[in-house]
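# curious how this folds, go ahead:
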Amino acid sequence: MTSRKHLPGWPVILLSMLVALGIIAMGVFFYVRAQNVLEQQLRGHLTSIAAASALSIDGDAIDFINIASDVDNSIYVETIKHLQQLRLQTGVRFAYILRRTDDPNNLAFVADADAALTPQQLDVNGNGRVDADEEAGYPGELYDISDNIMLQNEAFSHPVADPNITIDQWGLLVSGYAPIYRSDGTVSAVLGIDMRAEEFFRQSRRIFTPEAMGVVLITAFAAAAGIIASWEHRRTSMLKRINNERSGLLRLTFHQLGEPLTIMKWSLETLREETQSEELKKIVDEHVLCMDEGLGRLNSIIDTLQLAEKVDLNTLEYLPLPSSLRALIDNAVNEWSSSLQAHKLKMNVRMKDDVILPMDTTLIQLVLRQILVNAIEYSDENSTVDIIVKPGRTSVEIAISDTGCGIPTKDMEHLFEKYRRAGNAHLKKPDGNGLGLYIAKGIIEKAGGHIWAESQVKKGTTVHFTLPM
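All right, here's what the predicted structure looks like:
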């Protein structure tokens, strides 16, 4: 009795077909892509040759070559020699110079390297005579560009190559162009060069040998496996990060909200116990102030968390209006004057002239506030906090510098990350939340600026940020 063999099921067959089709499609894609890359390299090489060669041609001199009788002109003779030398050195098939005419669909020849060839050399088809399409272009002779988009405009403004390869009696050619400038910077004419493209096509057909195809298939399977592994690693890392942030947020909430709530609870209990006391009013006033302080801190924490969430979700609304930077900084200095006195600090503002620029003053004030809070709280007594304004051409830089405890080098790369604080920050400020600079970075980047910091332990910190003008 013979045993029956189990044939693959339809899902397996379908999967095999899909894999086979995918491999075939990948091979076709790489083949087409390789041809496109080779053509781009050819055009880039051609454009570079045209640009470099155009620089060696005197635009003022060729202005004297205009009509057929100018072929006896010494400038024309030197120009033809130059084009012929260019052709010999670079291996291009044709080299010529064209200038604009009153007709946008026609250019006029200035010079053509073929003018240096003999009739036998010009007879490409070998019929014993020089046909009209084999003749060199002479000064003033018109050249129809109605089908050539590049010569109609772009070639007179910057080096460029034709997007398509031309096939004619001379074979496969690709053309490149570059403007020729006068001494005053205006364009006198355009240099055109044509290069053979057959060799590049032969190379493209040799790209996919069986060995190369095998390497491509192995690489493709390895890349697919790597992508799957990378995706899985990224997904795992993202889940771990979310869990860490959630845990950090919960710890932060319990730590930050616990103390203000304790203050209010203690104050309320004291009020209840002392309601019959003769000093009731004094006690009520005192504890109401305590509750106000606790509530203020609670509101500040909630506002900070909400701003951090907006930065996270990229929903922060930045509404710039033309505003005075000096007024903004003066407001910040006035706001923190009492805090400066309490910490025995001085503030020095270095700003020559006022700068008017578009900014959201509420949010930029918040950035200044956060950086100044850090500068004040982490500075030693009898030191100075500097605010330095440096206007530039496209942006203005504001630097806030202190001579405080500084930030360890290992913490600098994480300074603007969420919930991150310097390792020595708790020595000066035990209850920080690690969100201030993260929010400041989000606001500055939303404004189109950049923020960074420089610091040395025991020497101080400078926070820089820019705002676009």
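# for this structure, what spans make up the helices?
Applying DSSP state H to the chain gives helices spanning 10-55, 59-62, 74-90, 119-122, 149-152, 198-205, 210-273, 280-313, 325-335, 337-342, 361-377, 409-412, 436-446.
# check what contacts the third one and list those residues.
To tie it back to what came earlier, the one meant is helix 74-90. 49, 53, 56-57, 61-62, 64-65, 70-71, 92-97, 110-113, 115-116, 139, 193 (CB atoms under 8 Å, 6 or more residues apart in numbering). Using the backbone N, CA and C atoms, a C-beta is placed for each residue, glycine as well.
# again, only this time at 7 Å
49, 53, 57, 61-62, 64-65, 70, 95, 111, 113, 115-116, 139 (CB atoms under 7 Å, 6 or more residues apart in numbering).
# need the contact list for the residue nearest to Q370 when sequence neighbours are not counted.
In space, and not counting its chain neighbours, Q370 is closest to G436: 4.1 Å by CB to CB, 6 or more residues apart in numbering. Neighbour list for G436: Q370, V373, N374 [criterion: CB under 7 Å, 6+ apart].
# how about a cut-off of 8 Å?
Neighbours of G436 in contact, by CB under 8 Å, 6+ apart: T304, Q370, V373, N374.
# what's the lowest-pLDDT member of these?
Scanning these for pLDDT, the low point is T304. It has 71.
# what about that residue, how many residues close to it?
For T304, the neighbour count with other CB atoms under 10 Å is 19.
# now it, nearest residue through space, not along the chain?
Using CB to CB, 6+ apart, the closest residue to T304 is L435 (5.2 Å).
# hmm, A308 and the one you found touching each other?
Yes: shown here, L435 and A308 form a contact pair, counting by CB atoms under 8 Å, at 4.9 Å.
# which residues do the two both contact?
With CB under 8 Å, 6+ apart, L435 and A308 have common neighbours K418.
# so what's I451 up against?
Counted by CB under 8 Å, 6+ apart, I451 has contacts F416, A440, K441, I444, E445, V463, H464, F465, T466.
# in contact with the closest residue to the second one other than its chain neighbours, which residues?
So the one you mean is A440. Nearest non-adjacent residue to A440, counting by CB to CB, 6+ apart: V367, 4.5 Å away. Applying CB under 8 Å, 6+ apart to V367 gives the contacts A440, I443, I444, F465.
# please give me every residue in contact with the second one.
Right, the one you point to is I443. V311, L316, Y318, L363, I364, L366, V367.
# tell me how far D402 lies from W266.
35 Å (CB to CB, to the nearest Å).
# the more surrounded of these two?
Just comparing D402 and W266: by other CB under 10 Å the higher neighbour count belongs to D402, 26 against 14.
# wait, isn't the more buried one in contact with G460?
Yes: between D402 and G460 there is a contact at 5.0 Å, judged by CB under 8 Å.
# now do the shared contacts for those two.
S379.
# burial count for K240?
By other CB under 10 Å, the residues close to K240 number 10.
# what does L366 give?
Neighbours of L366 (other CB under 10 Å): 18.
# okay, now the domains of this protein?
Here the domain parsing of the chain from automatic domain parsing is 14-205, 210-313, 321-468.
# mean pLDDT for those domains: which is lowest?
Looking at the domains of the chain, the weakest mean confidence is domain 210-313, a mean of 65.
# and of the contacts of I451, the nearest to K344?
Proximity of the contacts of I451 to K344 (CB to CB) peaks at V463, which lies at 21.6 Å.
# that closest one bridge partners, please.
Using DSSP bridges, the beta-bridge partners of V463 come out as I400, A453.
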